[in-house]
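No sequence on hand, only this structure:
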């Protein structure tokens with residue numbers, strides 16, 4: 001009998017909803033590169049996850065949750081990049097690969 005593979009669940013830092021890791025967008029803080037969007041989910045460093053919904057994106061900007069979670073200042077350029085990813089995800093309606 002084949003074993004079922006466990007699906008990793010992560011929480012969105014904006015809404016607190018637990019979802020499969022592949023359905024969330026990961027933002028990672030690395031020692032070398034600083035803070036960046038990680039669509040692969042494999043970059044080494046401290047990660048934070050958000051739902052690919054515009055409401056969650058707006059929430060992390062308003063409350064500065066992302067900066068607090070990663071314990072560093074997040075640039076406007078990163079927020080712009082993240083907004084493009086969220087909008088693209090909402091248009092496609094697919095999970096991240």
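Nice, thanks for sending it over. Everything quoted here is computed from the prediction, not taken from an experiment.

Check what contacts whichever strand or helix holds residue 69 and list those residues.
Using DSSP states H and E, residue 69 falls within helix 65-70. Outside helix 65-70, the residues that touch it by C-beta atoms under 8 Å, 6 or more residues apart in numbering are 13-14, 27, 29, 35, 46, 48, 50, 59-60, 73-74. Bear in mind the C-beta positions are built from the backbone N, C-alpha and C, glycine included.

Tell me the gap between it and the middle of its chain.
12 Å (C-alpha atoms, centre = their mean, to the nearest Å).

next one: stretch 83-95
12 Å.

Equivalent analysis for stretch 31-40, please.
Distance of stretch 31-40 from its chain centroid, counting by C-alpha atoms, centre = their mean, is 11 Å.

now swap in stretch 7-25 and tell me
The chain centre lies 8 Å from the centre of stretch 7-25; the measure is C-alpha atoms, centre = their mean.
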